[in-house]
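*Asks:* Need a 3D model of the following:
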Amino acid sequence: MRRHFRLVEERCGMSGSQMWVLQEVQRSPGIGIGELAERMGVHQSTCSQLVDKLVAQDCLDKRKKTGDQRRVGLQLTERGHEALAALPGPAEGVVPEALAAVPEVVLKTLQINLAELLQHIPGKDEKYANMPLADMVRNNEGD
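*Replies:* So this is what the prediction gives:
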């Protein structure tokens with residue numbers, strides 16, 4: 001995983017989680033931050049911070065939605081398209097891609113077994129519960 005996310009960062013100049021945001025916006029132009037957070041499995045405030053960084057880097061635009069001026073939709077900019085063109089594989093990482101290919105019964109068994117495993121991990125840190133995997137791997141490279 002570290003190798004994949006390092007390669008993403010080298011080629012695109014952004015973290016895997018930032019690239020995942022761009023990829024989701026490319027899949028669903030005009031998506032809102034709430035739906036984006038749900039798709040990524042992260043807290044809305046975490047997603048909002050990722051989006052704000054990408055807006056500051058001129059990779060995303062926030063646009064008011066036509067029907068509801070209080071809601072914002074996200075659009076890729078030219079720079080966002082360029083970053084995605086350099087992407088060497090799935091932005092969300094190789095594990096979610098592999099999990100998507102596994103049969104449902106295997107996923108259910110895996111979930112049961114991982115839940116049991118988590119019960120026995122000493123010193124688990126809940127601050128990572130809503131962090132994108134790409135950020136978690138990058139933040140722990142020195143460990």
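
*Asks:* what's the neighbour count on Pro103?
*Replies:* A count of nearby residues for Pro103, using other C-beta atoms under 10 Å, gives 8. (Glycine included, C-beta is placed from N, CA and C.)

*Asks:* same check, this time on the one 10 residues further on
*Replies:* The tally of other residues near Asn113 (other C-beta under 10 Å) stands at 10.

*Asks:* Could you measure from it over to His120?
*Replies:* 11 Å (C-beta to C-beta, to the nearest Å).

*Asks:* can you tell me how far Leu110 sits from Leu22?
*Replies:* Leu110 is 28 Å from Leu22, where distance means C-beta to C-beta.

*Asks:* what about these two, which has more around it?
*Replies:* Leu22 (25 against 12).

*Asks:* Please settle this for me: is the more buried one part of a helix?
*Replies:* Yes. Membership of Leu22 in a helix is supported by DSSP: H, G, I helix; E, B strand; the rest coil.

*Asks:* Now do it, the pLDDT please.
*Replies:* On pLDDT, Leu22 comes in at 93.

*Asks:* what sits against it?
*Replies:* Contact partners of Leu22, counting by C-beta atoms under 8 Å, 6 or more residues apart in numbering, are 14, 54, 59-60, 76, 80, 83-84, 91.

*Asks:* ok, now with 7 Å
*Replies:* 54, 59, 76, 80, 83-84 (C-beta atoms under 7 Å, 6 or more residues apart in numbering).

*Asks:* List just the nearest of those to Gly30.
*Replies:* Comparing the contacts of Leu22 against Gly30 with C-beta to C-beta places Leu76 closest, at 10.7 Å.
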